[in-house]
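In: Fold the following.
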Amino acid sequence: MPFQHVAKIYNKELDRLNKMLLEMSGLAESQLASAIESVSRRDTELATEVIESDARADQLERDIDNLVIRHLALRHPIARDLRETVVALKIASDLERICDYAANVAKRSIPLSQTPPIQPVHALLPMGRFALLLIKDVIDAYVALDADKALGVWGRDQELDQFYADLFRVLLTYMMEDSRNIGACTHLLFMAKNIERIGDHATNIAENVHYLVHGVPLDRIRPKADKSSLEVVGPRRSKEWESIF
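Out: Sure thing, here's the model as predicted:
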């Protein structure tokens, strides 16, 4: 009977950990969705809500950290249970960073909404929605313990990188052609980079799902398509940039 009692407490703690992680996952999705919407609608009130809600993500991460530390110290999980506990800790950290980046997008959207609209905003929105899809899919993979679906998210991150690389070139060109665009384009550059980093954290989660399911790290080099650091941009000589809108 004592063994059953301990096992019941053990399972209860794991269930609580999973529920907290799912709450944090839902928050990350809603934060990014709202941040994107605040940009699309130039809605400063919605942006402010996203910024203020970031504190909840921070608290959830702290709660998960405390629960994991307590669980490791008192229950000494092994094998699959140990992987589940450690992976939960890592995923919580990635989700907290996703919420941070969503809040950063929301912060930038406030001054952006006070400037005249510029065309590249319309390229940022599908990039944000694609990142949101990656988050949804990787969380579904975690819940279903679907390593193949997680691997699919891992591979699609380079599409998000390409979004960023294309937008990077466009924004630099807009700034070079008209200095009045510098303020708005600078905000968009930072927002795009935040969204690109969200994709990186989604791939981190995908790698951890793979490890949780198979017990070994993913032994592949992560594909990256962001070559913006090597980009040389000159004045626009044609309509080629307009193709990404």
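In: Send over stretch 16-33 as PDB, restricted to the C-alpha atoms.
Out: Coordinates of each C-alpha in stretch 16-33 appear next as PDB, following Å, rounded to 0.1, in the frame of the first residue of the first chain:
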ATOM      1  CA  ARG A  16       0.300  18.900 -12.600                       C
ATOM      2  CA  LEU A  17       3.500  19.500 -14.500                       C
ATOM      3  CA  ASN A  18       1.900  18.700 -17.800                       C
ATOM      4  CA  LYS A  19      -1.100  20.900 -17.100                       C
ATOM      5  CA  MET A  20       1.100  23.800 -16.300                       C
ATOM      6  CA  LEU A  21       3.100  23.300 -19.400                       C
ATOM      7  CA  LEU A  22       0.000  23.100 -21.600                       C
ATOM      8  CA  GLU A  23      -1.300  26.300 -20.000                       C
ATOM      9  CA  MET A  24       2.000  28.000 -20.800                       C
ATOM     10  CA  SER A  25       1.800  26.600 -24.400                       C
ATOM     11  CA  GLY A  26      -1.700  28.100 -24.800                       C
ATOM     12  CA  LEU A  27      -0.400  31.400 -23.500                       C
ATOM     13  CA  ALA A  28       2.500  31.500 -26.000                       C
ATOM     14  CA  GLU A  29       0.100  30.900 -28.900                       C
ATOM     15  CA  SER A  30      -2.400  33.500 -27.700                       C
ATOM     16  CA  GLN A  31       0.400  36.000 -27.000                       C
ATOM     17  CA  LEU A  32       1.900  35.700 -30.500                       C
ATOM     18  CA  ALA A  33      -1.600  35.700 -32.200                       C
END
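In: Buried residues of it, list them for me.
Out: Leu17, Met20, Leu21, Glu23, Met24, Ser25, Leu27, Ala28, Glu29, Gln31, Leu32, Ala33 (16 or more other C-beta atoms under 10 Å). The way it works is simple: take the backbone N, C-alpha and C, and place the C-beta from them, glycine included.
In: mind checking pLDDT for the fourth one?
Out: In other words, Glu23. On the pLDDT scale, Glu23 is placed at 96.
In: do the same with Glu13
Out: The score at Glu13 is 83. That number is its pLDDT.
In: Check Pro77 too.
Out: In the prediction, the pLDDT value recorded for Pro77 is 85.
In: tell me the secondary structure for it?
Out: coil (DSSP: H, G, I helix; E, B strand; the rest coil).
In: quick one on the thing from earlier: and which of the buried residues of stretch 16-33 is nearest to Ile182?
Out: Here the nearest of the buried residues of stretch 16-33 to Ile182, counting by C-beta to C-beta, is Leu32; it sits at 26.4 Å.
In: Distance of the nearest residue to that closest one once chain neighbours are set aside relative to Asp81?
Out: Excluding the flanking residues, the one nearest Leu32 by C-beta to C-beta, 6 or more residues apart in numbering is Ala102, at 4.3 Å. Note on Ala102: its distance to Asp81, by C-beta to C-beta, to the nearest Å, is 32 Å.
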